[in-house]
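Enquirer: no FASTA, just this:
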């Protein structure tokens, strides 16, 4: 709540996914926390132990078998016959984007654009979507950085991220109140450019090179290896960073254009600085 | 070229150091079997260097606050466009930062290291400032400053430094203010560049699976001999006493954040030695690790949370402070408890068993730095600029004694020279 960038991002997700499980705050709500008793907390803990998906990961040098045996023996009395089945809920973007402005007493306004998949039943080419996102706003050579920040001098940060499991994209920026409309138009203009194929082959190749070099570094860090596999633990096919490098390298211009055309603006969230001192 | 080869047998680590005839200090720390390479080029020039003169000048030049940071942004400008667009071709991930005492430019990559290294050396050594490109940056940096103005964690630190330091320029924001950066011109940027971006004032650190001879040869070809530029840095006298013991500000936030700082008495320009740093690190672990008494009491009383409570040693030329920080519903109470624990430690000395545990924890943490390519490079630069040798730190740490820790405690954790800074929500 204290970090306005994080606050604005969370509010945009809450609004965009308001009737979805994804819209629930991971820490819950203050009113609900008050209702938790030691009995309900303990029951939830027992339920979690027996029914939730659990991953135990050991990264680094060590006695793998011995540690695995230790876990097995410690947890052997827990009934794991009824493990919870889950899958991501995917929703299509609204026909007309919704725009919401909220106020706080802050110096810099925050703009968050929430985009969803156009058609939830359509298959997504994830590597292409990842390249498209990086080309749009994932690197310091991206269209958002070069145009919205460097050419127009509108902001310090303007970046996009794609949440794979949920098939949503978030584009965030911190801008002057008077520049909000201009920034929003420019961001959408850059996305439209990708949809129309207005980017060079060099830009595409450079973006792929940037992503693959990033993936190449994962093996140097134990925590990065752990995060890589943890993020995939609910996927059907688990792949290594090296396999993902191959997928990224195979992405074509047409794939990127198609990916860009599979997403649409759903929610515009503005945290304005004109808040009253409460 | 005959680089110095430094080996630590106990760590199984080694590096090469060369003071190149051009003036540049060069470190290469090979890491066999790692995929990534990292290079960082730093200049000994940060936000605190706001008044200086060259050897042949009679008067000091005072530059606007935030100019070192502004210069960092503008160094990326080249006649061929943004340096990021040059790195785009090699696939490297580049960045830069400005702190109170230094400015650094860096990149990491898994391929094309030598090409990226040439780009780094080229763009940092060829400034290109025009009225237009300097003007354009004002909007971007203005928004960066405003972003920090909304950050309670940043404001609480800057306010604390204003309370601890009466005169030392560490009491000002690194990026300056919208007002101060409005005075920055291409001429002033060139003035700073020509004074501080001289190879004699700079260091290059490289880490990764690389052949030192080959890299030294590449760098050698790139660098030209340059005359040393002698810069006299002006710092006002800083008394041991603090400016004020309490400072607070209201923000549109949900929970209060605090910084409790203890100011150490240091001479102008003085940096902490390896020994001082070792004992400070042990002390911070002693008081604030999750197994410490103080931490557990604060947690049990609901005064801190595990996600935000932290401690750090903020140290640079002529300033050094220990800072305890976090979110709390009652920062005044946290401050009272911390000061109480410190007072008891002064009276009774540090506990032997807790000291040994803290020493081991710091050793383990410091050792893990050598697992990380970027961490080794960043630390090497930091140690070089502060006149310390990296393996010596580990040796002193291994031999640390309780007696010396008690001596250090008396020098740096003194309640008379402490201040509390709080950023809190508006009254409901």
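Expert: Sure thing, it's come through. Remember, predicted model here, so these are calculated numbers, not experimental data. Residues are numbered from 1 along each chain as shown, chains lettered A, B, ... in the order given.

Enquirer: how about the helices in the stretch 101-250 of chain B?
Expert: Taking DSSP state H, counting those that start in this stretch, the helices of the stretch 101-250 of chain B run over residues B:113-125, B:131-149, B:152-164, B:178-181, B:186-196, B:212-222.

Enquirer: which elements pack onto the last one?
Expert: The helices and strands touching helix B:212-222, judged by 3 or more C-beta pairs under 8 Å, 6 or more residues apart in numbering or on different chains; DSSP states H and E, are strand B:13-19, strand B:25-30, helix B:113-125. For every residue, glycine as well, the C-beta is placed using N, CA and C.

Enquirer: pick the most buried one from those.
Expert: Taking mean count of other C-beta atoms under 10 Å in any protein chain shown as the contact definition, the stretch among the helices and strands packed on helix B:212-222 with the greatest mean neighbour count is strand B:25-30, which reaches a mean of 22.

Enquirer: mind listing residues that contact the helix or strand just after it?
Expert: The helix or strand immediately downstream of strand B:25-30 is strand B:37-43, counting by DSSP states H and E. With contacts defined as C-beta atoms under 8 Å, 6 or more residues apart in numbering or on different chains, strand B:37-43 is touched by B:102-110, B:113, B:116-117, B:120-121, B:124, B:196-197, B:201-210, B:373-374, B:377-378, B:381, B:385.

Enquirer: who wins for proximity to residue B:389 among the helices and strands packed on helix B:212-222?
Expert: Comparing these against residue B:389 with C-beta to C-beta, the closest turns out to be strand B:13-19 (9.5 Å).

Enquirer: list the strands paired with the closest one, with their directions.
Expert: Looking at strand B:13-19 with DSSP bridges, its paired strands and their directions are strand B:4-8 (antiparallel), strand B:25-30 (antiparallel).

Enquirer: let me have the ones you listed in JSON lines, adding mean pLDDT as columns.
Expert: Rendered in JSON lines, the data for those read as follows (pLDDT from 0 to 100):
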{"stretch": "strand B:4-8", "mean pLDDT": "97"}
{"stretch": "strand B:25-30", "mean pLDDT": "98"}
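
Enquirer: got the residues of the stretch 201-350 of chain B near chain A?
Expert: Counting by C-beta under 8 Å from any C-beta of the partner chain, the residues of the stretch 201-350 of chain B lying close to chain A are B:250, B:251, B:252, B:253, B:254, B:255, B:257, B:327.

Enquirer: buried among these? Need that as a selection in PyMOL.
Expert: Applying 16 or more other C-beta atoms under 10 Å in any protein chain shown to those, the buried members can be selected in PyMOL as follows:
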select buried, chain B and resi 251+252+253+255+257+327
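
Enquirer: among the residues of the stretch 201-350 of chain B next to chain A, name the ones in strands.
Expert: Using DSSP state E, B:250, B:251, B:257, B:327 are the members of these that sit in strands.

Enquirer: so who does the last one touch?
Expert: Applying C-beta under 8 Å, 6+ apart to residue B:327 gives the contacts A:2, B:255, B:256, B:257, B:258, B:304, B:305, B:307, B:308, B:309.

Enquirer: same list (these) but as JSON lines, adding pLDDT and distance to residue B:51.
Expert: Shown next, in JSON lines, are the contacts of residue B:327 (pLDDT from 0 to 100; distance: C-beta to C-beta, whole Å):
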{"residue": "A:2", "pLDDT": "82", "distance to residue B:51": "35"}
{"residue": "B:255", "pLDDT": "91", "distance to residue B:51": "39"}
{"residue": "B:256", "pLDDT": "96", "distance to residue B:51": "36"}
{"residue": "B:257", "pLDDT": "97", "distance to residue B:51": "32"}
{"residue": "B:258", "pLDDT": "98", "distance to residue B:51": "32"}
{"residue": "B:304", "pLDDT": "97", "distance to residue B:51": "39"}
{"residue": "B:305", "pLDDT": "95", "distance to residue B:51": "41"}
{"residue": "B:307", "pLDDT": "93", "distance to residue B:51": "40"}
{"residue": "B:308", "pLDDT": "95", "distance to residue B:51": "36"}
{"residue": "B:309", "pLDDT": "97", "distance to residue B:51": "37"}
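
Enquirer: drop anything exposed from the residues you listed.
Expert: Using 16+ other C-beta under 10 Å as the burial test, those include A:2, B:255, B:256, B:257, B:258, B:304, B:309 as buried.

Enquirer: run through the bridge partners of the fifth one.
Expert: Going by DSSP bridges, residue B:258 is paired in beta bridges with residue B:326, residue B:422.

Enquirer: got the residues of the stretch 1-150 of chain B near chain A?
Expert: B:34-36, B:82, B:84-85, B:87-94, B:108-111, B:136-141, B:143-144, B:146-147, B:149-150.

Enquirer: hmm, 6 Å instead?
Expert: Applying C-beta under 6 Å from any C-beta of the partner chain, we find that the stretch 1-150 of chain B lies next to chain A at B:34-36, B:84, B:88, B:91, B:109-110, B:136, B:139-140, B:143-144, B:146-147, B:149-150.

Enquirer: can you pull out the helices in the stretch 301-428 of chain B?
Expert: B:331-348, B:352-368, B:373-385, B:390-398, B:402-412.

Enquirer: tell me the most buried of the ones you listed?
Expert: Ranked by average neighbour count under the criterion mean count of other C-beta under 10 Å, the helices of the stretch 301-428 of chain B are headed by helix B:373-385 at a mean of 21.

Enquirer: roughly how far is it from the heart of the chain?
Expert: Here helix B:373-385 is found 10 Å from its chain centre; the criterion is C-alpha atoms, centre = their mean, to the nearest Å.

Enquirer: same question, stretch A:22-38
Expert: For stretch A:22-38, the distance between its averaged C-alpha position and the chain's averaged C-alpha position is 22 Å (C-alpha atoms, centre = their mean).

Enquirer: any part of it near chain B?
Expert: No: contact between stretch A:22-38 and chain B is absent, the nearest approach being 9.7 Å (criterion: C-beta under 6 Å from any C-beta).

Enquirer: hang on, residue A:18 is in a helix, isn't it?
Expert: No: residue assignment for residue A:18, taken from DSSP: H, G, I helix; E, B strand; the rest coil, gives coil, which places it outside any helix.
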